[in-house]
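> Need coordinates for the following:
(chains A and B)
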Amino acid sequence: MEPTNGKNPEYFHKVVDCQYACPAHTAVPEYIRLIAARRYTEAYLVNWESNVFPGILGRTCDRPCEPACRRGRIEPEPVAICRLKRVAADFKDDIRHCLPVAPERKNGKRIALVGAGPASLTVARDLAPLGYKLHVFDSLKAGGGFMRSQIPSFRLPESVLDEEVGYILEMGVSSHFNRTIDSLKDLLDENYDAVFVGSGAPRGRDLKNLPGRKPGNPYIHVGIDWLASVAFGHKTSIGRRVIVLGGGNTAMDCCRTARRLGGEDVKVIVRSPFKDMKASPWEKEDAIHEDIPIIDNHVPLDFVVEGGVLTGMHFEQVRAEYDANGRRTLVKLNQAPVFYPCDEVLVAIGQENAFPWIERNIGIVFDKWGMPVLDPDTFQSANPRVFFGGDAAFGPSNIITAVAHGHQAAISIDLFCQGRDITDRPPPHVNLVSQKMGIHEWSYDNAIEDDPRYRVPLVEKQLALGNRKLEVELGFDAAAAYREAERCLNCDVQTVFEETRCIECDACVDICPTDCINFTANLPEPDLRQRLRVPARNQDQDIYVSANLPTGRVMVKDENVCLHCGLCAERCPTAAWDMQKFLYQVAKASEWPLNAEAAESPGN
Amino acid sequence: MSYIRPHFRHPEQPVNDLGYTRRHYEGSLSTLCAGCGHDSVSAAIIQACFELSLPPHKIAKLSGIGCSSKTPTYFLGKSHGFNSVHGRMPSVATGANLANREMIYIGISGDGDTASIGLGQFAHVIRRGLNMLYLVANNGCYGLTKGQDSATADRGSVSRKGVPNPFEAIDLCTMALQTGASFVARGFSGDKAQLEPLIKAALCHKGFAFIDVISPCVTFNNTSRSSMGYEFVRDHIDATGKMDFVPLRQEISANYEPGSSQEITLHDGSVIHLYKKNGALHQHDRNQAIRNLQTHREQEQILTGLLYLDPDHCEFHDTLGTVKQPLRDLGEGDLCPGSRALEAINASLR
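Numbering: from 1, shown residues only, chains lettered A, B, ... in the order given. Coordinates of the predicted model:
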């Protein structure tokens, strides 16, 4: 096997599992260390730099980082990364003076942003400080997009949303709220230099063809529309008995909101088995905690309407079968339909994109599913002036993905407005620095704590159910946040091996608590993985291979369960091992040298 | 500096016949210098005991004074231990062994503890054929007192002090052969592939097993002109052959080329397979082993591997004809057989 190229930033980036899994590549261990040091403001700014909405995401993120967390491979539960992010937001000082400021003198370029959700706001956040004049349009009365209309206040208080949306709008962004864009052509005719479409996936799926849907209409609501009505105060109550159809996070928000609006007997009924539901495990837990049963393997058959009043629904019972490829089919049990009585139904079975306002003759190409055809790296559409991001780009996803899209689209727009090649993307900022402070002393806390994951305290249930605006999660206090932060393994502090220094004394092999390090004959990767002290079976994790050592062997380290405890480096007599902090920051707009020729000339 | 080793282990760590992982054979975190060969020796002992599925509570670790004698703290944390007086480990081991012959005795010593202050004890414990593993972690210097040349340092070898050693070296393997050890081997802490099977075989050997492990002192004796540094040893090492240790009950799965290998069955039924480099070598020929060592020394080569083995040698308990069970298992009836037994003895003498 070829020696590992530590100079390729992606190698060490991949070792930082959480950061690698984060669509915006937030420097997670970096901010967790800052939280442990009680430097909340800096922890917040590390977040803000990458993900723009730390307070919002610290409450609502889909957390792709947590299933990836290395801690989850050595004990049952990962670090509570998401809730630590909230700690940074909760305990920070006023950060306004730390944020970038839009220059008084603009660069003469005007950009229109359609939709004021996370994708558009991220584009604004990246472009405003560069002197762009930004116009954001949204049909709602305030910014935030679906973060405002669909995420209930008991999960995300309005004050947090207002604060973080405000940071961006206050950078001199012109906001045009309560204004629906119904023609992209008209917008393009206003001579914007570029248009960014971050309009989300605004249409909730319905069960239009299910018998009883029409007569039952007054009692049947599409989930995301209903949540928006609640958010803006148009709906304040619901029937006593409520059925929520669907198994995603929107269904969880619907049922929990229904409990707060007077629903006493609220059930979630879903087609798939419980374990296959799209909702995040913690959101399912939260719903169950609020006495909401989740009834799985039930396919809706009809709405039962008697005398113009909805009385309930029939369901067919099924069981899931999986073929060799893991593809699922729902097989009918052929039992009599089950009847569940109810007063109202919320349909939360998915969302769709809809672009009725984009003319089909303005150069944007749509595929057969009605989605715009885009370059996956630049987010540019076939009309070079129009860029897409967030759910509008590739279908419904989540906030953090929308933010990642926004950063990339901002780079594209910036390059485009400068008349440069937008496929020539700026490389990430990378830094790799030794953490050695003394003979056996590191500048990071390398001791490994054994504590299991800490629980976020909740507000008392009866209190929570009585007020839809009362935030359920209280958040970690400073002491719990410290303990939880200490669980982080500092995976960004890399074990860097310098083979020319190694005397093959085996000290690192002997001390490594998780048997990661090996000295063995070199072989092709599959054989090498088998030959290790503990075979490296986790193929998702790389193995780190040195060049040949004096004995003809190579050093092989399985990255899989390395604790980053630094003992290999402490026990190394020749400092062949060193603990080096790896910082990886995705480049943002205009961090690419403005004048490429000038940058290439020496001494510049 | 870290004083606590993290408690997490690889979730897929192998498990032995007793259901234990390597973790159950570990000790405290070593306080020896980083890169000390002794830590590799400890790791090899851990691995050997783990692979042999030895119950930790059936093992006693004994040592004297010195860097090497500190190491029993760093392995087999669940076993018995006795850190005795300088050079007197053999006496303590003898006493313990006589009191309880069912335990497995691992004596750890260093070149100072064995070849200087303990030379007399060393010679006599071998003469008696005590059933134990006597392992010397040999670094050719007194590391604990700033690296003075020890009695095993080769003449002309230069430690960190920079002055060639003017005295002749004691070769512990030669001495063990001459005083009657029934298992003699030499290993190198930087070659666990060889050291681990040697330790396993020595632990299964009934009688006195001696392993001299060259274990470089990274702090005081790892210079380019030292004959016990990593580099020198790697450049001058030779082995009697490769060795496989197959414990009892385990099926022999490897294919052995006829003629090149020799099988030796130990007292407990386990088997050593030797792939000898030199077909004329006889592991049971004591004179040849001594000559072999001498020849290699003359050629500035370090001969390692299994040097001599007599699996049927008489051990101390057999020589003395002691009781078959540990003393602690003897009941009142055994110890005070009563007047009838006394009369019988007296009668037999009349």
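> Tell me the secondary structure at the residue nearest in space to the middle of chain B.
Taking C-alpha atoms, centre = their mean, the centroid of chain B lies closest to B:L135, which sits 2.8 Å from it. Of the three states, B:L135 takes strand under DSSP: H, G, I helix; E, B strand; the rest coil.
> just checking, what's the longest helix in the chain?
All of this is about chain A. Longest helix in chain A by number of residues, with DSSP state H as the criterion: helix A:399-417.
> my bad, the chain I had in mind was chain B
Chain B, longest helix under DSSP H: helix B:37-51.
> any chance you could map the strands in the stretch 201-350 of chain B?
Under the criterion DSSP state E, counting those that start in this stretch, the stretch 201-350 of chain B carries strands at the ranges B:208-214, B:237-239, B:241-246, B:261-265, B:271-276, B:302-309.
> Most tightly packed of those strands?
Highest mean neighbour count among the strands of the stretch 201-350 of chain B (mean count of other C-beta atoms under 10 Å in any protein chain shown): strand B:208-214, with a mean of 27. For every residue, glycine as well, the C-beta is placed using N, CA and C.
> Also compute the angle for that strand relative to strand B:302-309, please.
Using axes from the mean of the first three to the mean of the last three C-alpha atoms, to 10 degrees, the inter-axis angle of strand B:208-214 relative to strand B:302-309 is 170 degrees.
> could you say what helices and strands strand B:208-214 packs with?
Judged by 3 or more C-beta pairs under 8 Å, 6 or more residues apart in numbering or on different chains; DSSP states H and E, strand B:208-214 is in contact with helix B:37-51, helix B:119-128, strand B:132-138, helix B:172-179, strand B:183-188, helix B:192-204.
> pretty sure A:A576 contacts A:E498?
Yes: contact criterion C-beta atoms under 8 Å: A:A576 and A:E498 qualify, at 5.2 Å.
> Neighbour count: the two, which is higher?
A:A576 (24 against 14; other C-beta atoms under 10 Å in any protein chain shown).
> what about the more buried one, distance to A:Y132?
49 Å (C-beta to C-beta, to the nearest Å).
> got it, and B:D154?
Following C-beta to C-beta, the distance that separates B:D154 from A:Y132 is 76 Å.
> out of the two, which sits in the busier spot?
A:Y132 (28 against 21).
> Phi, psi for that one please.
Phi and psi for A:Y132, reported as degrees, to the nearest 10, are phi -80, psi 150.
> Repeat that for the one 4 residues further on.
Dihedral angles of A:V136 (phi, psi; degrees, to the nearest 10) stand at phi -110, psi 130.
> What does the pLDDT read for the residue lying closest to B:V246 once chain neighbours are set aside?
Distances taken as C-beta to C-beta, 6 or more residues apart in numbering or on different chains put B:V271 closest to B:V246, at 4.6 Å, once the chain neighbours are dropped. If you check B:V271, the pLDDT there is 84.
> My guess is B:V271 contacts B:E263. True?
Yes: the criterion here is C-beta under 8 Å, and B:V271 meets it with B:E263 at 5.6 Å.
> If you count contacts, what does the one helix or strand A:L583 maps to end up packed against?
Element membership of A:L583, judged by DSSP states H and E, is strand A:577-585. Applying 3+ C-beta pairs under 8 Å, 6+ apart, one finds that strand A:577-585 contacts helix A:9-15, strand A:429-434, strand A:493-497, helix A:567-571.
> Leaving out the residues flanking it, which one is nearest to the residue in chain A positioned nearest to chain B?
With C-beta to the nearest C-beta as the measure, A:P573 is the residue of chain A nearest to chain B, at 2.7 Å. Of all residues not flanking A:P573 in the chain, B:G35 sits nearest, at 2.7 Å (C-beta to C-beta, 6+ apart).
> give me the number of residues near that neighbour?
B:G35, neighbours per other C-beta under 10 Å, totals 23.
> before we move on, what about the one 4 residues further on?
Other residues near B:D39 come to 26 when the count uses other C-beta under 10 Å.
> which residues touch B:P72?
B:G27, B:K61, B:L62, B:S63, B:G81, B:N83, B:I106, B:I108 (C-beta atoms under 8 Å, 6 or more residues apart in numbering or on different chains).
> elements contacting whichever helix or strand comes after the longest helix of chain B?
Downstream of helix B:37-51, the first helix or strand assigned by DSSP H and E is strand B:59-63. If you count contacts as 3+ C-beta pairs under 8 Å, 6+ apart, strand B:59-63 packs onto strand B:80-83, helix B:89-99, strand B:104-110.
> Strand B:59-63: partners in the sheet, and parallel or antiparallel?
strand B:80-83 (parallel), strand B:104-110 (parallel) (DSSP bridges).
> what residues does the first one touch?
Contacts to strand B:80-83, defined as C-beta under 8 Å, 6+ apart, come from residues B:57, B:59-65, B:69-70, B:72-73, B:92, B:96, B:103.
> can you name the two of these that are farthest apart?
B:H57 and B:I65 (25.7 Å; C-beta to C-beta).
> So which of the two has more stuff around it?
B:I65 (21 against 11).
> All the strands of the stretch 1-150 of chain A, residue numbers only.
A:110-114, A:133-137.
> quick one, which of those is nearest to A:D377?
strand A:110-114 (19.4 Å).
> So what's the residue count around the closest residue to A:P118 other than its chain neighbours?
Distances taken as C-beta to C-beta, 6+ apart put A:A402 closest to A:P118, at 4.2 Å, once the chain neighbours are dropped. A:A402 sits with 30 neighbouring residues when counted by other C-beta under 10 Å.
> A:A402 against A:G389, yeah?
Yes: counting by C-beta under 8 Å, A:A402 touches A:G389, with 6.6 Å between them.
> Common neighbours of the two, please.
A:A119, A:T122, A:G198.
> And stretch A:101-113, end to end?
Taking C-alpha to C-alpha, to the nearest Å, stretch A:101-113 runs 19 Å from one end to the other.
> Ok, stretch B:213-220 next?
17 Å.
> Over to stretch A:88-101?
Stretch A:88-101: ends 22 Å apart by C-alpha to C-alpha.
> same thing with stretch A:147-157?
10 Å.
> Need the contact partners of it.
With C-beta under 8 Å, 6+ apart, stretch A:147-157 has contacts from A:53, A:56, A:59-60, A:117-118, A:140, A:142, A:158, A:161, A:165, A:224, A:227-228, A:230-232, A:250, A:253, A:256-257, A:260, A:399, A:464, A:467-473.
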